[in-house]
Structure formats: C-alpha cells, structure tokens
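Novice: Using only what follows, build the 3D model:
(chains A and B)
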Amino acid sequence: MDTRKITTVVNGVTYEREVETRRTLGDFLRHELELTGTHYGCEHGVCGACTVLLDGRTARSCLTLAAQVDGHEIRTVESLARADGTLDELQTAFRECHALQCGFCTPGMLMTLTELLGETDDPSEEEIREAITGNLCRCTGYQPIVAAALLAARRLREAKAGASIQHKE
Amino acid sequence: MKPSEFEYHAPETLAQAVALLAELPDAKLLAGGQSLMPMMNFRYLMPGQVVDLNRVAELSGIAVESGRLRIGAMTRQRDIEQAPLVARHAPLIPEAYQLVSHKQIRNRGTYGGALCQLDPSSEQPCFTAALDGVLTIVRHEDGRAAARELPMSEWAVMYMTPALEEGEMLASVSLDIWPEGHGYAFTEYARRHGDYAIVGVAALCAADAGGRIDRLSVALCGVGPGPVRLSATETAVRGQAMDEDAIRAAVREARAIDFMADAHVTADYRQHLAGVLTERALRTAFARTRNHAGA
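Specialist: As a prediction, this is how the structure comes out:
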C-alpha cells in the first residue's frame, strides 16, 4: 500500500496524517477527519455535491487526492456556521428561502456560492445561475437557491454598509 | 467508485518529472485531474504509477516572450481566464473560457492537461490552433529536460491522441499576439452550459488602414479529431472587405470539412452547425475589428 504523510489545514485546524495515495480528498475528509458535511454524489466531478474550497477556490474533492493537499488549506461546509453554532448569512437565507429539500446538494451549493460572494458582493441573478451550473439539485428547481443567494448578498452588503457607518462615527 | 492502487510520485522540478517519465514509461501524468481522476475513479484507467505535476512550479506561468504569449502547461484555466496579460494580447481566450465547463473545474483544470487530453470538442485546442500555437515538448536527456517545438497543426495525430512520443510531455505553449484592435469571437453550440461544444468556432481578424482584411484566422472544433483551420479562405480573403463575400467563402469551406459523426450527433448536423457558427463568429469578429491605427 502506497502511503504519504501530509500536513493540511482544514477549517483552521492543522492535521498531520499518513494517507493512502489513492485516497481522494473527499473520502479523506469524510472517513478520516469525520467531516461528513461534504457529500459524495457522482464521484466523477459532475454533480458538485463534494465541492470544497482549496486555498480559497472551489474544487471537486472527488477529483483531488488527499496526497495533493499537503501544505494546502481546505474549507468545508462545517466552517460556515459561527463558533456558537448559529448559521451564517448564506445558510440563514437558504433556510428562509427553502433553498433545500433533501439537502444532498446543499454543502456543494453553499461552498460554490461562498466563493461567488467572496468575489462579488452584488452578483446578478445571471451570475448566480452561472456559478451554480456545476452543482446539480434534483429537488428545488434552483429558483429558491437563486433567491437565497440574492438575499444573502443583499444582507451582507447592508451589514457591510452598517459597519462602515459605525466605523465613521 | 475509488481509484485502484497506484504508486504516487510528486516531482518538484521539470528535470525530476521527465526523469521519472523516462524511468516509468507506463506512468500517467496527473495535471488538473479533471479528466484523469474521473477515469481513475471509474477504473477505466488503472495506472500503476501516477506522476503528479502539481508541484512543478516552472510549468506554470503566463508571460510575453519574444513577441509571443507563452503559457505554461500546468497553468490553471481560471488563472488564464483572469490574467490581464491574456485579456490584453489574446481576448479570444477569456471569451472561450466562459464556455469551458464550470468554474470549479477551471479552478483546477490546466491548459496543458486539456491540450493533451485532446477532446475533439474541447475549446482549448481550438483557440490554440486559431492563435497558431507552438508547443514546447520536453523529454529526459543527459540528466535534464531537452525540448523540441511542434506547431499546433501537427499536434493531433488521431482521436484523443497528441503527437507525444514515449517519455515526452508538454511543457508550455506560445501563441501569436495579434495587433491591437483586432477582432475576435468564440462561438459554439453545446447541449448544456459548460458542456463540450458539439461544434465551436474561433475567429480572429485584423484590418489594414483601409478597413480591409489584413489577416484572418478561423478554427473549428467538434468537426474531426483535432481543430480544423479554414486555411484556403484565410489566404483568399486577404486584402478583401470584411463583407458578405468573405463570410460566404468561410461558410463554404467550413461546410466542406469531412465531418466526424458519433452516436449523438450526425455528420450532417455538425455540417449545419459549422456553417451557422462560422457565420456568427465572423460577424462578431468583423464587428469588433478596428482599422489599423498606422498610416
């Protein structure tokens, strides 16, 4: 069995592990770190459920080997909620807009939209739709997911504007 | 499914990478992993050796060198799409990347990986052909990486098979820089957003001071094993107006390609798309072409 020693930071925590080199990143997260928030769907890069942030950019964790993330930083859906367990703006908007039913695609949707909201604070509906073309949802018809992303973006903008007003005072 | 067992190698220099490739002729090179990993997960491929190129820093980068745009084989597609240098010198490329798969795939996928995968419908070999790409291919020789160059026109040997000999790998590609104000367009038809094109067309046009065609380049993908250039039209229309006659000539040549067919798409349908998309690409490229500022 070919193994490799890796050091990786996942959701701010440093892990040192000996991994089998054929181990995919998604299986490493789920089975070895027990971070089961990342879902495994198609295992060939089509469904988007296993999307995580690798050094801040979305990546399919089924198409990346654990051995490849040695020295790199990963963020999974578990990193979104605040330390006290309350949901972040995007998750809150997903709940309010009914942007999930079975929840299988949700971790991938959230990580994809987290990347988008980091790139632009005022995404158009078209940009949101384009961002999630690589994430399949078989329940919602996407409409509520788009609505949730728009709502979260608006609230984040308002919060930022509020913070800058406070800062000026 | 999961990949079967393999021995994993992660070289850090190009010299190490080609030395490994010389030593392990059956090894698979792992670039962005967006095509190889699915095939390994499904066990369509069960390589005994995998050489991961992701730690070879010298294989990544975008630069202007001797008047040409050079892009390293391991440069991420998303980095190329967003690079100001590419937008300035080859605006065709970011336009084409909007049609390449999804952002999550382009974040990991590499330009060189896509060229070596050589899917007949991939946009990347197509824009490389339109921009007269020259590929730098390396192999292990006397303890270092020795290079040779190959024009894009000789890259596709047959279906999904690039002109790489045993022990060779793609290191970088250099592309023509067209004059400022040149027109460009990438047009395609695909079943779903982000799918490979059924047929795609890349067009470039530069005009002289009088607004006539000084240089034209049209390449099609999804028509045969490799991209096809409309060379006869490109030569014939030089000095002609950017008008209906030029478009008709290109459409005629595009429709005369010996089209491939598969279980989903007939040769007739590809022929139809080639004509329609060539016309659209040329109309857009012509509309974007500014007369040469000089004279």
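Novice: Excluding sequence neighbours, find me the nearest residue to the residue in the stretch 151-295 of chain B that chain A sits nearest to.
Specialist: Here the residue of the stretch 151-295 of chain B nearest chain A is residue B:193; by CB to the nearest CB that distance is 4.8 Å. The way it works is simple: take the backbone N, C-alpha and C, and place the C-beta from them, glycine included. Closest residue to residue B:193 apart from its sequence neighbours, by CB to CB, 6 or more residues apart in numbering or on different chains: residue A:133 at 4.8 Å.
Novice: Three-state assignment for that neighbour, please.
Specialist: Following DSSP: H, G, I helix; E, B strand; the rest coil, the label given to residue A:133 is helix.
Novice: Contact partners for it?
Specialist: The contact partners of residue A:133, by CB atoms under 8 Å, 6 or more residues apart in numbering or on different chains, come to B:102, B:192-194.
Novice: Point out the residues in chain A that sit beside chain B.
Specialist: Contact residues (CB under 8 Å from any CB of the partner chain) of chain A with chain B: A:1-2, A:4, A:20-22, A:24, A:27, A:43-45, A:48, A:51, A:54, A:57-60, A:62-65, A:67-68, A:112, A:115, A:130-131, A:133-134.
Novice: quick one: which of those sit in strands?
Specialist: A:4, A:20, A:51, A:54, A:57-60 (DSSP state E).
Novice: Adding distance to residue B:29 and neighbour count, write the residues you listed out as TSV.
Specialist: Rendered in TSV, the data for these read as follows (distance: CB to CB, whole Å; neighbours: other CB atoms under 10 Å in any protein chain shown):
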residue	distance to residue B:29	neighbour count
A:4	18	17
A:20	20	19
A:51	25	33
A:54	20	22
A:57	22	18
A:58	24	29
A:59	19	28
A:60	19	32
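Novice: which of these lies closest to residue B:263?
Specialist: Minimum distance to residue B:263 across these is 26.6 Å, recorded for residue A:60 (CB to CB).
Novice: Kindly state the pLDDT recorded for the closest residue to that closest one other than its chain neighbours?
Specialist: Excluding its sequence neighbours, the residue lying closest to residue A:60 (CB to CB, 6+ apart) is residue A:45, at 4.7 Å. pLDDT recorded at residue A:45 is 95.
Novice: Residue A:71 - nearest residue in space that isn't next to it in sequence?
Specialist: In space, residue A:71 is closest to residue A:7, 6.6 Å off (CB to CB, 6+ apart).
Novice: Give me the residue at the spatial middle of chain B.
Specialist: Geometric centre of chain B, nearest residue: residue B:125, 2.2 Å, by CA atoms, centre = their mean.
Novice: residue contacts, it?
Specialist: Neighbours of residue B:125 in contact, by CB under 8 Å, 6+ apart: B:114-115, B:118, B:152, B:155-156, B:221, B:226-227.
Novice: Among these, name the ones in helices.
Specialist: B:114-115 (DSSP state H).
Novice: nearest to residue B:209, of the contacts of residue B:125?
Specialist: Nearest member of these to residue B:209, counting by CB to CB, is residue B:152, at 29.9 Å.
Novice: quick revisit: what bridges to the residue nearest to residue A:71?
Specialist: residue A:16 (DSSP bridges).
Novice: Identify the residues contacting the closest residue in space to residue A:99 that isn't next to it in sequence.
Specialist: The shortest distance from residue A:99 to any non-neighbouring residue, by CB to CB, 6+ apart, is to residue A:148 (3.9 Å). By CB under 8 Å, 6+ apart, the contact set of residue A:148 is A:90, A:93-94, A:96-97, A:99.
Novice: List the contacts of the residue nearest to residue A:60.
Specialist: A:60, A:62-63, B:34, B:37-38, B:105.
Novice: pretty sure residue B:89 contacts residue B:179?
Specialist: No. Residue B:89 is beyond contact range of residue B:179, at 10.2 Å (criterion: CB atoms under 8 Å).
Novice: which of the contacts of residue A:148 tops the neighbour count?
Specialist: The most neighbours of any of those, using other CB atoms under 10 Å in any protein chain shown, belong to residue A:99, which has 28 neighbours.
Novice: in the lengthiest helix in chain A, what counts as buried?
Specialist: Counting residues, the longest helix found in chain A (DSSP H) is helix A:143-168. By neighbour count on 16 or more other CB atoms under 10 Å in any protein chain shown, the buried set for helix A:143-168 is A:144-153, A:156.
Novice: Relative to chain A, which residue of the stretch 1-150 of chain B is the closest?
Specialist: In the stretch 1-150 of chain B, no residue comes nearer to chain A than residue B:102, which is 2.9 Å away by CB to the nearest CB.
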